[in-house]
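Student: Could you look at this predicted model? Sequence included:
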Amino acid sequence: QNPTSGQSVLQSISMLKSLALTLCLIFIGNGYAAPPTAAPSTTICPAGKARSGGANSGVCVDCEAGTYSDLSNSNSNSGCQPCHEGTYSGVGASMCTDCPAGSFTDLTKASSCSTCRAGTYAPAPGAASCSPCPIGYYCPTAGMTSVYPCTRGSYCPSTGLTAPITCPAGSICPDTTMTAPTTCTAGSFCPSTGLTAKSTCPAGAYCPTTGMTAPTACGVGSFCPTTGLSSATTCPAGSYCPYTSMTEPTPCSAGSFCPTTGLSAFTTCPAGSFCPDSIMTAPFTCIAGTFCPTDGLSASTPCPAGSYCPDGNMTAPKTCDAGWFCPETGLTIETICPAGKFCPTDGMSSPTTCGAGSFCPETGLTAATTCPAGYYCPDAGMTAATNCTAGSFCPSSGLTVMTTCPAGSYCPTDLLTEATLCSAGSYCPDISQTAETTCPVGSYCPAEGMSIPTTCGAGWYCPITGLTAATTCPIGSYCPDSGMSVATTCTAGSFCPTTGLSAATTCPAG
């Protein structure tokens with residue numbers, strides 16, 4: 001036999017054994033237990049197996065789950081060794097495997113590891129027990145290898161928590177890993193759960209205590225001007241706070257006043273007083289010369305012309321009486337009507353001047369006096385009537401001018417109410433005569449009231465003054481012209497046979 005070929009055969013057998021051993025290990029690693037293998041006493045059992053009868057005896061069998069065997073002890077008397085706590089093995093294992101992070105075993109000869117329950121964790125492989133989640137952290141699921149920090153808005157007060165606790169209303173959890181909530185301070189509020197920051201009390205409200213979940217609205221009569229207040233401010237005198245949640249007081253407006261602090265409504269200025277400015281704490285009394293007729297006035301009213309206000313606190317002016325007048329606004333007294341004027345009604349702001357044709361002789365009159373007959377009142381504002389003078393007359397009352405005596409009449413004295421007609425035998429040729437004129441010779445005045453004498457006509461003559469009729473020229477004479485005062489005697493060679501001749505008759509021949 002060829003040694004070389006024999007050596008080749010041995011090498012081939014050795015390679016096949018190695019291949020078979022490799023496949024066997026692969027099967028064992030995949031969970032397949034290799035059937036017991038009879039091994040010669042001189043053959044070493046592979047890793048993961050041990051002799052069934054102890055060292056150098058029996059067959060090689062797989063180590064049971066939870067134990068292992070490596071080459072160093074596969075033929076020892078000890079056989080397969082148990083896995084210690086924190087490790088495990090399957091059937092035919094050549095070594096123990098650490099429990100993966102997130103699992104543990106507290107057993108020896110463990111064939112598997114247990115998953116860490118929620119609330120615990122195992123950060124590294126080979127754990128014999130799980131650690132409880134520390135305070136400030138939580139472990140929400142099984143098999144955790146690390147812890148979760150409590151999130152902002154929650155807290156973790158104890159170990160072993162599976163979930164964080166939401167911050168209650170009235171408190172905040174501003175940071176992670178918090179173990180207790182922080183109570184909201186006075187001046188702030190925390191309205192809901194899970195908050196990371198407190199809310200500052202808004203203007204118009206206040207937060208008087210810690211742990212508040214809602215601000216308190218400032219009540220009527222108070223105000224809250226800024227944010228973060230722990231108490232409300234009382235409305236000052238001169239202002240009022242009618243609503244809740246006010247950030248500033250309302251000044252009492254003109255026409256009203258606010259006498260005390262903490263008011264929710266203003267007081268209207270009463271009639272008889274006024275409130276000119278805002279923020280007043282008391283009204284002003286209307287002074288004499290003014291009046292305040294209604295409530296809520298911001299200014300007093302000067303008494304109007306035609307009235308007067310003698311006292312303070314008046315709600316209506318007094319009307320000036322008849323016979324008196326009130327010429328301007330703001331008067332405290334009335335003025336008596338002067339002579340020459342009259343004040344016929346109440347409420348006059350100026351007196352009425354007595355008109356022409358009348359007079360007002362004294363003060364305080366309510367009516368003018370009509371000028372009587374015999375007098376006249378030529379101007380307005382007269383305090384006495386004027387006498388009609390001689391040469392004129394005033395026939396009726398209320399005259400503004402005298403009546404001039406007309407031609408044909410005369411007015412010999414003052415205060416005449418009618419003219420006197422010139423008597424027969426006299427005449428009045430001019431106006432304003434105070435005496436009549438006697439008819440001159442050569443004329444006659446046959447009737448009363450003549451302004452021109454009548455000239456004696458031809459055939460007549462008027463030998464004396466004051467005649468009321470002409471004289472007929474007598475027989476034996478003639479009156480050739482008008483206005484003759486002496487008849488002409490017929491001359492020689494003529495004759496005048498009848499009366500009333502204006503010419504002589506020439507004697508006829510013979």
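Tutor: Noted; the coordinates are in hand. Numbering: from 1, shown residues only.

Student: When you work out contacts or count neighbours from here on, use the C-alpha atoms and nothing else.
Tutor: OK.

Student: what is the rounded mean pLDDT of stretch 405-419?
Tutor: Average pLDDT, stretch 405-419: 95.

Student: again but with stretch 171-189, I slipped
Tutor: Rounded mean pLDDT across stretch 171-189 is 96.

Student: What is the distance between that stretch and the centre of its chain?
Tutor: Centroid separation for stretch 171-189 versus its chain: 43 Å, with CA atoms, centre = their mean, to the nearest Å.

Student: go on, stretch 387-403?
Tutor: Distance, centroid of stretch 387-403 to centroid of chain: 73 Å (CA atoms, centre = their mean).

Student: got it, and stretch 84-104?
Tutor: The answer for stretch 84-104 is 85 Å, by CA atoms, centre = their mean.

Student: Report the separation between the two terminal residues of it.
Tutor: End-to-end distance of stretch 84-104 (CA to CA, to the nearest Å): 12 Å.

Student: same check, this time on stretch 286-299
Tutor: 9 Å.

Student: Can you give me the buried ones in that stretch?
Tutor: 286-293, 295-299 (16 or more other CA atoms under 10 Å).

Student: Okay, P327 and T386: tell me how far apart.
Tutor: Counting by CA to CA - P327 and T386 are separated by 30 Å.

Student: For stretch 491-505, buried residues please.
Tutor: F495, C496, T499, G500, L501, S502, A503, A504.

Student: Just the CA trace of stretch 317-337, in CSV.
Tutor: This file holds the C-alpha atoms of stretch 317-337, laid out as CSV (Å, rounded to 0.1, in the frame of the first residue of the first chain):
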residue,chain,number,x,y,z
PRO,A,317,-84.8,132.9,39.2
LYS,A,318,-87.4,135.4,40.5
THR,A,319,-89.2,137.4,37.8
CYS,A,320,-88.8,141.1,38.1
ASP,A,321,-92.1,142.7,39.2
ALA,A,322,-94.1,145.2,37.2
GLY,A,323,-92.8,148.7,37.9
TRP,A,324,-89.3,147.2,38.1
PHE,A,325,-86.8,145.9,35.6
CYS,A,326,-83.7,143.7,35.5
PRO,A,327,-81.4,145.0,32.8
GLU,A,328,-78.7,142.4,32.7
THR,A,329,-77.8,138.9,33.7
GLY,A,330,-76.6,137.8,37.1
LEU,A,331,-78.5,140.3,39.2
THR,A,332,-79.3,139.8,42.8
ILE,A,333,-81.8,142.8,43.0
GLU,A,334,-84.3,144.4,40.7
THR,A,335,-84.2,148.1,39.7
ILE,A,336,-87.2,150.4,40.0
CYS,A,337,-88.5,152.0,36.8
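
Student: Can you give the distance of it from its chain's centre?
Tutor: Computed by CA atoms, centre = their mean, the chain-centroid distance of stretch 317-337 equals 40 Å.

Student: Can you tell me what sits against that stretch?
Tutor: 288-291, 302-311, 342-351, 363-366 (CA atoms under 8 Å, 6 or more residues apart in numbering).

Student: Which of those residues are buried? Put it as a ChimeraX command.
Tutor: To isolate the buried ones among the contacts of stretch 317-337 in ChimeraX, judged by 16+ other CA under 10 Å, type:
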select :288,289,290,291,302,303,304,305,306,307,308,309,310,342,343,344,346,347,348,349,350,351,363,364,365,366
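
Student: Torsion angles phi and psi at T413?
Tutor: Dihedral pair for T413: phi -140, psi 170, per degrees, to the nearest 10.

Student: where do the helices sit along the stretch 201-350 of the chain?
Tutor: Under the criterion DSSP state H, counting those that start in this stretch, the stretch 201-350 of the chain carries no helices.

Student: So, low pLDDT: which residues of it?
Tutor: Along the stretch 201-350 of the chain, no part satisfies pLDDT under 70.

Student: still on that earlier bit, spell out which two among the buried residues of stretch 491-505 are the most distant pair, please.
Tutor: F495 and G500 (13.1 Å; CA to CA).

Student: Count the neighbours of C507 for me.
Tutor: 11 (other CA atoms under 10 Å).

Student: and what of T210?
Tutor: 17.

Student: That one contacts I172, correct?
Tutor: No. Assessed by CA atoms under 8 Å, T210 is found out of contact with I172, at 11.8 Å.

Student: State the distance from F266 to T285.
Tutor: 18 Å.

Student: what's the answer for S502, then?
Tutor: From S502 to T285 the distance is 107 Å (CA to CA).

Student: and if you look at S307?
Tutor: Counting by CA to CA - S307 and T285 are separated by 19 Å.

Student: for the nearest residue to T183 once chain neighbours are set aside, what are its contacts?
Tutor: Using CA to CA, 6 or more residues apart in numbering and skipping residues adjacent in sequence, the residue nearest T183 is S171, 4.2 Å away. Contact criterion CA under 8 Å, 6+ apart gives P181, T182, T183, C184, C190, T193, L195, K198, G211 as the residues in contact with S171.

Student: Just the buried residues out of these, in PyMOL syntax.
Tutor: Buried residues among the contacts of S171 (16+ other CA under 10 Å), as a PyMOL selection:
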select buried, resi 181+182+183+184+190+193+195+198+211
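
Student: Export the contacts of S171 as a markdown table, with columns for secondary structure and distance to P474.
Tutor: A markdown table is the format used below for the contacts of S171 (DSSP: H, G, I helix; E, B strand; the rest coil; distance: CA to CA, whole Å):
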| residue | secondary structure | distance to P474 |
| --- | --- | --- |
| P181 | coil | 166 |
| T182 | strand | 164 |
| T183 | strand | 161 |
| C184 | coil | 157 |
| C190 | coil | 155 |
| T193 | coil | 160 |
| L195 | coil | 160 |
| K198 | coil | 155 |
| G211 | coil | 157 |
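
Student: could I get the contacts of S171 as CSV with distance to G228?
Tutor: Below are these laid out as CSV (distance: CA to CA, whole Å):
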residue, distance to G228
P181, 21
T182, 17
T183, 15
C184, 12
C190, 13
T193, 21
L195, 18
K198, 11
G211, 14
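
Student: Which neighbours do T210 and I172 have in common?
Tutor: Shared contacts of T210 and I172, counting by CA under 8 Å, 6+ apart, come down to T183, C184.

Student: So S502 is in contact with Y461, correct?
Tutor: No. Judged on CA under 8 Å, S502 makes no contact with Y461 at a distance of 10.4 Å.

Student: Tell me, how many residues neighbour S451?
Tutor: Considering only other CA under 10 Å, S451 is surrounded by 21 other residues.

Student: Against G483, how distant is it?
Tutor: Taking CA to CA, one finds S451 at 17 Å from G483.

Student: Repeat that for S264.
Tutor: 116 Å.

Student: Show me which of those two is the more surrounded one.
Tutor: Using other CA under 10 Å as the criterion, S264 and G483 rank with G483 on top: 23 against 19.
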